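Sequence and predicted model, in that order:
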Amino acid sequence: MFARLVEATAKPGKKDEIFTILTNELAPLLKKQQGFVDAVGLSGDTSLDEGVTLIFWTTKDDAEKFYATQEFKSKILDRITPLLVEGMKVRMFNVETSTFHKIAASKAA
C-alpha cells in the first residue's frame, strides 16, 4: 500500500473553492483509476487556509501513472495551483498500518 500526502496553503478565501474541486472533480476521477483505494482531505484547525490531502493507492506505480496523466494536470492541477499561496508540498509513503476499513482490507489482499 502506498500513500501520497499533499500539503498546501490556500490564498485567503480560496480554501472552499479548492475543496469543491477536490470533492466534485478529483474524487470522481480517482474512483475510476486502477489501484485507487481511498482519499482523505483535511483542513487546518488553527490556520484555516492550510490543507492536506492523503490519497491511498495499491502501488506507487498506480499513483504515478495517474498523476502523470494530462487529465489530472488539466482538470485538477492547473485549476488548483493559482488558488494557492505557493506550490504544493508532495511527500510519498509506504503504508505500514491502518485502521481505515478500505485500506486494511486492501493491505490484507
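Yep, that arrived. Note that the structure is a prediction, hence the values are computed from the model and not measured.

going forward, measure contacts and count neighbours with C-alpha atoms only.
OK.

Leu54 and Ala39 touch, don't they?
Yes - applying Cα atoms under 8 Å, one finds Leu54 in contact with Ala39, separated by 5.7 Å.

Find residues that contact each of those two.
Among the neighbours of Leu54, none is also in contact with Ala39 (Cα atoms under 8 Å, 6 or more residues apart in numbering).

how about the strands in this protein?
2-9, 36-43, 50-57, 89-94 (DSSP state E).

ok, residues contacting the last one?
Going back to what we said before, that points to strand 89-94. The contact list for strand 89-94, computed with Cα under 8 Å, 6+ apart, reads 1-8.

Each with direction, which strands does that strand pair with?
Partner strands for strand 89-94, per DSSP bridges, with pairing direction: strand 2-9 (antiparallel).

which regions of this protein sit below the pLDDT cut-off?
101-109 (pLDDT under 70).

Helices of that one, start to end?
Assigned helices in the chain, in chain order: 15-21, 27-31, 60-67, 70-72, 78-80, 101-108 (criterion: DSSP state H).

chain center to the fourth one: distance?
What that stands for is helix 70-72. Centroid separation between helix 70-72 and its chain, computed with Cα atoms, centre = their mean, to the nearest Å, is 14 Å.

count of neighbours near the closest residue to Phe2 other than its chain neighbours?
Distance criterion Cα to Cα, 6 or more residues apart in numbering; nearest residue to Phe2, sequence neighbours excluded, is Asn94 at 4.6 Å. Asn94 is surrounded by 13 other residues when neighbours are defined as other Cα atoms under 10 Å.

and Asn94, how far is that from Ile55?
Here Asn94 is placed at a distance of 12 Å from Ile55 (Cα to Cα, to the nearest Å).
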